[in-house]
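In: I would like the atomic coordinates for the input below:
(2 chains)
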Number of protein chains: 2
Amino acid sequence: MIDKAILLIIDGLGDRPIAALGDRTPLEAAHTPNLDRLATSAECGMMHTVGRGVRPGSDVAHLAIFGYERSLYYPGRGPIEAAGIGVPLEDGDVAMRGNLGTVDDKLEIVDRRAGRIRVVEPFTKMLDGMEIDGVTFLVKPGTAHRAVVVMRGPDLSAAITDNDPHVEGVAASTVTATDDSPSAKRTADALNQFLARAHEILKGHPDNRARRAEGLFEANYILLRGAGQYRRLPSFKERYGLDGCCIAGGGLYKGVAAFLGMTVLDCPGATGLPDTDIRAKFDLALESLSEYDFVFVHVKATDSLAEDGNFAGKKDFTERIDEAAAAFDALPESALLVVTADHSTPSELCAHSADPVPILFHGQGVRVDGVTAFGERACTSGGLGFITGADVMPQVINLLGRSPLLGG
Amino acid sequence: MIDKAILLIIDGLGDRPIAALGDRTPLEAAHTPNLDRLATSAECGMMHTVGRGVRPGSDVAHLAIFGYERSLYYPGRGPIEAAGIGVPLEDGDVAMRGNLGTVDDKLEIVDRRAGRIRVVEPFTKMLDGMEIDGVTFLVKPGTAHRAVVVMRGPDLSAAITDNDPHVEGVAASTVTATDDSPSAKRTADALNQFLARAHEILKGHPDNRARRAEGLFEANYILLRGAGQYRRLPSFKERYGLDGCCIAGGGLYKGVAAFLGMTVLDCPGATGLPDTDIRAKFDLALESLSEYDFVFVHVKATDSLAEDGNFAGKKDFTERIDEAAAAFDALPESALLVVTADHSTPSELCAHSADPVPILFHGQGVRVDGVTAFGERACTSGGLGFITGADVMPQVINLLGRSPLLGG
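Out: Below is the predicted model of the structure:
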């Protein structure tokens, strides 16, 4: 009987047939003996993560797979990014993600990423904790030029515009309310005051004087987007009774996991890029089964390569995932392994699509079907049929023998 | 990358196995090399247009395929027929379809179709624009004995009975309200007054005196049914961003298309009957891709033949459709072709049924599956699995690369 589970999500793995690959998808064209062997001893199927015809973003797709339906639980990107960098959120907080950028004397944006500055912590710490009109501003560094701003106080609203115009050569936008509520107006007003005051503080920062002397772009302005309001939600542990952990390179995926209360593990070599150490992730996943009931492992670069239109790179990277999947030969008998993707990213579309993705459940008790390859078309004849993301955790819980009984 | 689409709906194509056809359906028994070749290079599946176990009318079925769910958008038959003959409807209008019929001096119905009179425009124009109690009556000719009546004014309701008793030898029914609302009572009252006044005008019409002299049935009474209230709804263009057109012989299908704001094209030779020029429709569909993003083509007679119990005729007509489908050899690479039916019409049932219908998506980017024939059983193993009508447009939009992103 199994009592633990590993869920491997290969980002944007699904694709469409490509003529140059012999009318096969990158996954179908890739040499994947390990994934195919897993599929052969698994129950397979196809998944429309959110629903047929729906093209999900990665955040919404992951939440769906974990059983958190968008309309009830999706707070927008800001709170997820905040969770990802370890900011504990309180009910009602409004969180935004953003960059430190460079403006000139006329407040026009010269560089949206301050010359891709590598560390912003010296700047954010000058602003962190500022209070304006009863609102406390938490300002935390993300990776490289990125930062997160959290507004905390009574009666805030996320119904506000970005101040990041997403282009250079224009002034940063004034934040405005997007509905008629007093709370939205109050939030926009406080944020505009904060942004002006932050600019005054940043432009006088000694590190910026140093950057100016070196001919580098100064980190003298905060550009924000994706405001979302945090509302307390049942954690993954409260929902399923499972101690969960996350092994990922990309910040968003750590963010989703942290947002649901999973422990985000540090995995040296996990970068979220094509150079990531996939085997290190899979080995850590297997090790983590001793401490956690549920291990979420995420691999990112399949998606990024497809968004660049690089189907050959996606195929090669898929083969590297397969090679690393030899690690799962050591999967204990007591563990379930689920392998799937969060959505398709067709390489010729260079974007997410609504096409379904393959999924396999491998472990004791599954009804092994006749599928012998892990692929978009091979899995259409699998025993699971067509499922949605919302079906994944209930099936995990079912196989773990932990489903609540409905009725008597 | 595809950017246009043709949707071919073959009315009532689905059927059940028939002993005289070797336990095959008419579609399975028909020699259909062109449809089978399309299926071979397509992704196939089965469709329950409205849902499993639901037996849809053609209007509801077509609306479902276009993504307009019945409970939200189906106005009843009247407004669709009105749209089909080009009457621009306003919010709140109550529309009914009907016939000009013949009553005797005791107001008993002698002939429900006035001897299948071929042109009613001389009669309807005498009534068009009449005002009663603040309600304007628009009275428009349909094909042959058919007409449409639209009531326009404040506070109307479609909760009224037909005055057409659907049999001869009895008096036309008095219209009554079917709920307790004042608006239904007011609508029924105004309509009864209109019907009485229309009879007075029609019986004195010179053309009726001429008909009487020739021994023909007079067009001296209006028999109405299918009252429905028009409510403004998002057009097909607003919904999907696609300029749509319709190529059909049957009035109902033109009506559905016009109701959704598609352009109804004139196709010489398209009759909606077994004698229709199918090839002319398919050729026009291909030509129309230069001007429209989405071409809806409808072929009717498969349904009518099955409703007559003529399975051999249905099989033969299906072979004629297949022959005309050779036109799609000229389908441009940039176009998607979807072939399906609106519902099944089993020939031995002589009526619509809830049985699913085959569907195929053919064009760049589709995940071609192993199905090699377009048929009710062949398509059950297709890569799409089992879908509903509501899944069709999202998949079209997905393949066109136009799906909105949900989340970030």
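In: check which helix or strand the residue in chain A positioned nearest to chain B maps to.
Out: Evaluated by Cβ to the nearest Cβ, chain A has residue A:53 as its residue closest to chain B, separated by 2.2 Å. Heads up, the C-betas are built off the backbone N, CA and C, glycines and all. Of the helices and strands defined by DSSP states H and E, none includes residue A:53.
In: for the residue nearest to it when sequence neighbours are not counted, give me the pLDDT.
Out: Once flanking residues are discounted, residue A:53 sits nearest to residue B:394: 2.2 Å by Cβ to Cβ, 6 or more residues apart in numbering or on different chains. Listed pLDDT for residue B:394 reads 98.
In: so how far is residue A:260 from the residue of chain A closest to chain B?
Out: Separation of residue A:53 from residue A:260 (Cβ to Cβ, to the nearest Å) stands at 26 Å.
In: which one of the two has more residues nearby?
Out: Higher neighbour count among residue A:53 and residue A:260: residue A:260, with 25 against 20, using other Cβ atoms under 10 Å in any protein chain shown.
In: tell me the contacts of that one?
Out: Residues near residue A:260 by Cβ atoms under 8 Å, 6 or more residues apart in numbering or on different chains: A:66, A:68, A:233, A:235-236, A:244.
In: from the residues you listed, which ones fall inside helices?
Out: Counting by DSSP state H, the contacts of residue A:260 place residue A:236 in helices.
In: mind putting the contacts of residue A:260 into TSV with neighbour count and pLDDT?
Out: Shown next, in TSV, are the contacts of residue A:260 (neighbours: other Cβ atoms under 10 Å in any protein chain shown; pLDDT from 0 to 100):
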residue	neighbour count	pLDDT
A:66	24	98
A:68	22	97
A:233	17	95
A:235	13	97
A:236	24	98
A:244	23	98
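In: which of the contacts of residue A:260 sits closest to residue A:60?
Out: Nearest to residue A:60 among the contacts of residue A:260: residue A:68, at 9.3 Å, using Cβ to Cβ.
In: what's the spacing between the closest one and residue B:376?
Out: As for residue A:68, its distance to residue B:376 is 39 Å (criterion: Cβ to Cβ).
In: ok, residue A:40 next?
Out: Distance from residue A:40 to residue B:376, by Cβ to Cβ: 32 Å.
In: more neighbours, the two?
Out: More crowded of residue A:40 and residue B:376, by other Cβ under 10 Å: residue B:376, with 23 against 17.
In: contacts only, for the more buried one.
Out: With contact set as Cβ under 8 Å, 6+ apart, residue B:376 has these partners: B:14-15, B:25, B:27-28, B:46, B:344, B:355-358.
In: please repeat the previous calculation with a cut-off of 10 Å.
Out: Contact partners of residue B:376, counting by Cβ atoms under 10 Å, 6 or more residues apart in numbering or on different chains, are B:13-17, B:24-28, B:46, B:341, B:344, B:355-358.
In: just give me the neighbour total for the residue nearest to it when sequence neighbours are not counted.
Out: Using Cβ to Cβ, 6+ apart and skipping the chain neighbours, the partner closest in space to residue B:376 is residue B:25 (5.3 Å). A count of neighbours around residue B:25, defined by other Cβ under 10 Å, yields 26.
In: confirm for me that residue B:25 is in contact with residue B:311.
Out: Yes: counting by Cβ atoms under 10 Å, residue B:25 touches residue B:311, with 8.6 Å between them.
In: start and end of stretch A:49-58, how far apart?
Out: One end of stretch A:49-58 to the other measures 10 Å (Cα to Cα, to the nearest Å).
In: oh, that last question was meant for stretch A:62-80, not what I typed.
Out: Using Cα to Cα, the two ends of stretch A:62-80 sit 11 Å apart.
In: and for stretch A:198-208?
Out: Taking Cα to Cα, stretch A:198-208 runs 13 Å from one end to the other.
In: that stretch: which residues count as buried?
Out: A:198-199, A:202-203, A:205, A:207-208 (16 or more other Cβ atoms under 10 Å in any protein chain shown).
In: for chain A, which segments count as helices?
Out: Along chain A, counting by DSSP H, helices occupy A:26-29, A:33-40, A:58-65, A:70-73, A:77-84, A:121-127, A:182-203, A:206-213, A:236-240, A:251-259, A:278-288, A:301-307, A:311-324, A:392-399.
In: would a markdown table of these with distance to residue B:168 be doable?
Out: Shown next, in a markdown table, are those (distance: least, Cβ to Cβ, whole Å):
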| stretch | distance to residue B:168 |
| --- | --- |
| helix A:26-29 | 65 |
| helix A:33-40 | 67 |
| helix A:58-65 | 59 |
| helix A:70-73 | 55 |
| helix A:77-84 | 68 |
| helix A:121-127 | 86 |
| helix A:182-203 | 66 |
| helix A:206-213 | 93 |
| helix A:236-240 | 66 |
| helix A:251-259 | 69 |
| helix A:278-288 | 78 |
| helix A:301-307 | 67 |
| helix A:311-324 | 68 |
| helix A:392-399 | 59 |
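In: out of those, which is closest to residue A:336?
Out: Across the helices of chain A, residue A:336 has its closest neighbour in helix A:392-399 (5.4 Å, Cβ to Cβ).
In: contacts for that closest one next, please.
Out: With contact meaning Cβ under 10 Å, 6+ apart, helix A:392-399 is reached by A:1-3, A:5, A:7, A:9, A:43, A:45, A:47, A:49, A:64-68, A:236, A:239-242, A:294, A:336, A:338, A:340, A:359, A:361, A:363-366, A:384, A:387, A:402-404.
In: next step: those restricted to strands.
Out: A:5, A:7, A:9, A:43, A:45, A:47, A:294, A:336, A:338, A:340, A:359, A:361, A:387 (DSSP state E).
In: reformat those residues as a markdown table; add pLDDT, distance to chain B and neighbour count.
Out: Shown next, in a markdown table, are the ones in strands among the contacts of helix A:392-399 (pLDDT from 0 to 100; distance: Cβ to the nearest Cβ, whole Å; neighbours: other Cβ atoms under 10 Å in any protein chain shown):
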| residue | pLDDT | distance to chain B | neighbour count |
| --- | --- | --- | --- |
| A:5 | 98 | 25 | 26 |
| A:7 | 98 | 19 | 22 |
| A:9 | 98 | 15 | 27 |
| A:43 | 98 | 16 | 21 |
| A:45 | 98 | 10 | 26 |
| A:47 | 98 | 12 | 26 |
| A:294 | 98 | 23 | 25 |
| A:336 | 98 | 24 | 23 |
| A:338 | 98 | 20 | 23 |
| A:340 | 98 | 16 | 26 |
| A:359 | 98 | 14 | 28 |
| A:361 | 98 | 18 | 27 |
| A:387 | 98 | 10 | 19 |
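In: how far does stretch A:223-236 sit from its chain's centre?
Out: Relative to its parent chain, stretch A:223-236 has a centroid offset of 13 Å by Cα atoms, centre = their mean, to the nearest Å.
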